[in-house]
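Undergrad: Kindly generate the corresponding structure for this input.
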Amino acid sequence: MTQVKVIVERHSDGYVAYPLGLKGVVVGEGETYEQALADVTSAIRFHIETFGKEVLDDESAILEVFVAETRIAG
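TA: Numbers count the residues shown, from 1 in each chain. Sure thing, here's the model as predicted:
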């Protein structure tokens, strides 16, 4: 079993999800967080089946992802 880190963004019209450390473009979407995660999981599986395990970046240095806000004066 392979673990892939996924970013899930909430937008006004739904959710968008995409993996980190994968070669190529893979995106999932849905009306809920769970739907977007399920969609991107399916897309990742299809991407690996289509292009092979070479699309997995074994050398990825990403351990965690954080979202932060900062204020810019101006």
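
Undergrad: ok, which stretches of this structure are strands?
TA: Assigned by DSSP state E, the strands in the chain fall at 6-11, 14-19, 28-30.

Undergrad: name the helices or strands packed onto the shortest one?
TA: When you say that, I think you mean strand 28-30. Applying 3 or more CB pairs under 8 Å, 6 or more residues apart in numbering; DSSP states H and E, one finds that strand 28-30 makes contact with strand 14-19, helix 33-51. Where you see a C-beta, it was placed from the backbone N, CA and C, and this is true even at glycine.

Undergrad: go again using 10 Å as the cut-off
TA: strand 6-11, strand 14-19, helix 33-51 (3 or more CB pairs under 10 Å, 6 or more residues apart in numbering; DSSP states H and E).

Undergrad: Turn those into JSON lines, including distance to V26 and mean pLDDT.
TA: Shown next, in JSON lines, are the helices and strands packed on strand 28-30 (distance: least, CB to CB, whole Å; pLDDT from 0 to 100):
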{"stretch": "strand 6-11", "distance to V26": "9", "mean pLDDT": "95"}
{"stretch": "strand 14-19", "distance to V26": "6", "mean pLDDT": "96"}
{"stretch": "helix 33-51", "distance to V26": "5", "mean pLDDT": "97"}
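
Undergrad: Go through the ones you listed and pick out the most buried.
TA: strand 14-19 (a mean of 19; mean count of other CB atoms under 10 Å).

Undergrad: That strand pairs with which strands, parallel or anti?
TA: Using DSSP bridges, strand 14-19 pairs in its sheet with strand 6-11 (antiparallel), strand 28-30 (antiparallel).

Undergrad: Any chance of TSV for those strands, columns distance to L63?
TA: TSV is the format used below for the strands paired with strand 14-19 (distance: least, CB to CB, whole Å):
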stretch	distance to L63
strand 6-11	14
strand 28-30	22
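
Undergrad: Which one of those lies nearest to F51?
TA: If you check each of the strands paired with strand 14-19 against F51 by CB to CB, strand 28-30 wins as the nearest, at 16.8 Å.
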